[in-house]
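**Q** Structure of the sequence below:
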Amino acid sequence: MPHSHHSHSGQFCKHASGTLEDVVKEAIRQGFEIYGLTEHVPRYRVQDLYPEEQGISLDALAAQFDHFLDEAHRLKALYGGNITLLVGLETELITDTDVTNLEQCLRTHGNRIEYLVGSVHHVNAIPIDFDTATYRKSLNSFLPNTLDTEHRQMESFLCSYFDAQFQLMTRFHPEVIGHFDLCRLYNPSLMFQGYPEAWAKAARNVRYAVGYGALFELNAAALRKSWDVAYPGEDAATLIMQNGGRFALSDDSHGPHAVGLNYDRMANYARRLGIKEVWTLTPSDEPNAGGRFLRPRKLERWDEHDFWRRRGTFGV
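**A** Numbering: from 1, shown residues only. Have a look, this model is predicted:
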């Protein structure tokens, strides 16, 4: 069953393109059966706005998110006969203000927010996926304090990232863990095992997420950002597999042009890793660990679906 649990549109995300309906129509055209709509939650401090958002008020950002939920549920009803749309959000954790406001957001909107993609995009309140210069600024915000300065600096950076991810997990129990290793976007050859403290925190996070039933996304966006593999990289993916972690697929599209982009390469990566099954979210009468009503469902023999044959994936 072809699916994605993570997407954006230019209508509600200024660094994406196209309308949310355009994204949904493209997913239907490609044969997706389940597609998650997960715009970013608002940011709550002016200094956290991205350059393309300058001049937009914080109130306007909040209203934009409310409008997203209205539109997503309209499309869910309109296209329900063609595709199962899941309505969620992608988190931010910049400061504790984001925790407080996400709590309020979830209380305000209730079951209209069906699930969370739990993502961290900042370390020391500085974006780590905007551009290389800003990533370096975040890394350099950790002052080296040993002779092995560069190594210790990176270890501190990675530890901070995984601690923020753990805070997100323990407080909100997101159903999907978004791009687990985004912290090395601009350093894809970095191996976490070379940083023992950070590796231990990554393993802690994996065990905790597995324990409450989260899915880890195989996220194709890394492949359009010059990686040779999807998120998570092989060392982190192997760690997840060794701890009984379960994977779901995501295109992390930022407009209709990126719906399903590089899914063939991501699927081949999954096969090479030895992933025999993937999972998706499905409605449940019983609440999950986060108190929401979606739970994982296993898709065995996932790679035999006609969706992959039509794309020429796996050489079939």
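**Q** Extract the C-alpha set from stretch 58-73 and format it as PDB.
**A** These are the backbone C-alpha positions of stretch 58-73, laid out as PDB (Å, rounded to 0.1, in the frame of the first residue of the first chain):
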ATOM      1  CA  LEU A  58       2.800  35.900  14.700                       C
ATOM      2  CA  ASP A  59      -0.900  36.100  14.800                       C
ATOM      3  CA  ALA A  60      -1.100  35.600  11.000                       C
ATOM      4  CA  LEU A  61       1.100  32.500  11.300                       C
ATOM      5  CA  ALA A  62      -1.300  31.100  13.900                       C
ATOM      6  CA  ALA A  63      -4.300  31.900  11.700                       C
ATOM      7  CA  GLN A  64      -2.500  30.200   8.800                       C
ATOM      8  CA  PHE A  65      -2.200  27.000  10.700                       C
ATOM      9  CA  ASP A  66      -5.900  27.100  11.700                       C
ATOM     10  CA  HIS A  67      -6.700  27.600   8.000                       C
ATOM     11  CA  PHE A  68      -4.600  24.600   7.100                       C
ATOM     12  CA  LEU A  69      -6.600  22.300   9.400                       C
ATOM     13  CA  ASP A  70      -9.800  23.600   7.900                       C
ATOM     14  CA  GLU A  71      -8.600  23.000   4.400                       C
ATOM     15  CA  ALA A  72      -7.100  19.600   5.200                       C
ATOM     16  CA  HIS A  73     -10.300  18.300   6.600                       C
END
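**Q** Other residues contacting that stretch?
**A** Stretch 58-73 is contacted by residues 11-12, 20-21, 37, 39, 41-46, 49, 53, 85, 87, 89, 105, 109, 112-113 when judged by C-beta atoms under 8 Å, 6 or more residues apart in numbering. Backbone N, C-alpha and C define where each C-beta goes, glycine included.
**Q** Which of these are buried, as a ChimeraX select command?
**A** Only the buried entries of the contacts of stretch 58-73 go into this ChimeraX selection, using 16 or more other C-beta atoms under 10 Å:
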select :11,12,20,21,37,39,41,42,43,44,49,53,85,87,89,105,113
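**Q** Can you flag which of the contacts of stretch 58-73 belong to strands?
**A** Taking DSSP state E as the definition of strands, the contacts of stretch 58-73 contribute 37, 85, 87, 89.
**Q** these two touch, right, the last one and residue 41?
**A** Yes: A contact is recorded between residue 89 and residue 41 when judged using C-beta atoms under 8 Å, the distance being 5.3 Å.
**Q** what do those two both touch?
**A** Shared contacts of residue 89 and residue 41, defined by C-beta under 8 Å, 6+ apart, comprise 65, 105.
**Q** Enumerate every residue touching the closest residue to residue 24 other than its chain neighbours.
**A** Spatial nearest neighbour of residue 24, excluding adjacent residues (C-beta to C-beta, 6 or more residues apart in numbering): residue 75 at 5.2 Å. Contacts for residue 75 (C-beta under 8 Å, 6+ apart) come out as 20, 21, 24, 37, 85.
**Q** So residue 117 lies in a strand, does it not?
**A** Yes: according to DSSP: H, G, I helix; E, B strand; the rest coil, residue 117 belongs to a strand.
**Q** show me the contacts for it.
**A** So residue 117 contacts 5-6, 36, 38, 88-91, 174-178, 217, 250 (C-beta under 8 Å, 6+ apart).
**Q** and residue 217, what helix or strand is that in?
**A** Using DSSP states H and E, residue 217 sits in strand 215-219.
**Q** helix or strand right after that strand?
**A** Sequence-wise, the next helix or strand downstream of strand 215-219 (DSSP H and E) is helix 234-242.
**Q** Report the inter-axis angle for that next one versus strand 215-219.
**A** 150 degrees (axes from the mean of the first three to the mean of the last three C-alpha atoms, to 10 degrees).
**Q** re the thing from before, now that we have the contacts of residue 117, which one has the most neighbours?
**A** When neighbours are counted by other C-beta atoms under 10 Å, residue 36 leads these with 31 neighbours.
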